[in-house]
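K.L.:
Predicted model and sequence below, questions to follow.
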Amino acid sequence: MPPRAHRLGEMDMEVRNKVFSVDRTRVRVWVGRGIACVGAIVLLAQFGQYVRANPMVLSALMGGSVAALATALGTLPVLFSQRLSDRVQDTLFGFGVGVMLAASAFSHVERAQRPRGEGDCSGPCAT
């Protein structure tokens, strides 16, 4: 076989290998996507069965979704605003810290008002 024909044969093999490797890659990608879709369907079916058996889970999911949506909506003004001055930013941080401290303190008020011996206290305070 002349040298030029030999080189063409090598080029044909290279082209063929590239085409087949692309086809194999595509097949692998689609098989992976199919497996992921089947897994998602099975997961959703199992979750549906669990929710039907425990309706309170659906209520918790809906409440959590409402809270998440409210949080996302609360961030929208930040996306459309200009850079905040340091003073405004410090004020907002202070407000956030105050809300967190108040939530923490108010969660302990009920427990502190219970008579001793009633409640979920364990450890040294249970004596």
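P.N.:
Everything's here; your move. Numbering: from 1, shown residues only.

K.L.:
Could you check how far the helix or strand hosting residue 61 is from the centre of its chain?
P.N.:
Element membership of residue 61, judged by DSSP states H and E, is helix 55-80. Centroid separation between helix 55-80 and its chain, computed with Cα atoms, centre = their mean, to the nearest Å, is 13 Å.

K.L.:
Show the residue spans covered by the helices in the chain.
P.N.:
For the chain, the helices defined by DSSP state H cover 3-53, 55-80, 86-113.

K.L.:
what number of residues lie near residue 62?
P.N.:
10 (other Cβ atoms under 10 Å). For glycine as for every other residue, the C-beta is placed from the backbone atoms N, C-alpha and C.

K.L.:
Quick check on residue 84: phi, psi?
P.N.:
The phi/psi pair for residue 84 (degrees, to the nearest 10) reads phi -80, psi 150.

K.L.:
and the gap between it and residue 77?
P.N.:
11 Å (Cβ to Cβ, to the nearest Å).

K.L.:
between these two, which one's more packed in?
P.N.:
Set residue 84 next to residue 77 and count neighbours by other Cβ under 10 Å: residue 84 wins out with 12 against 8.
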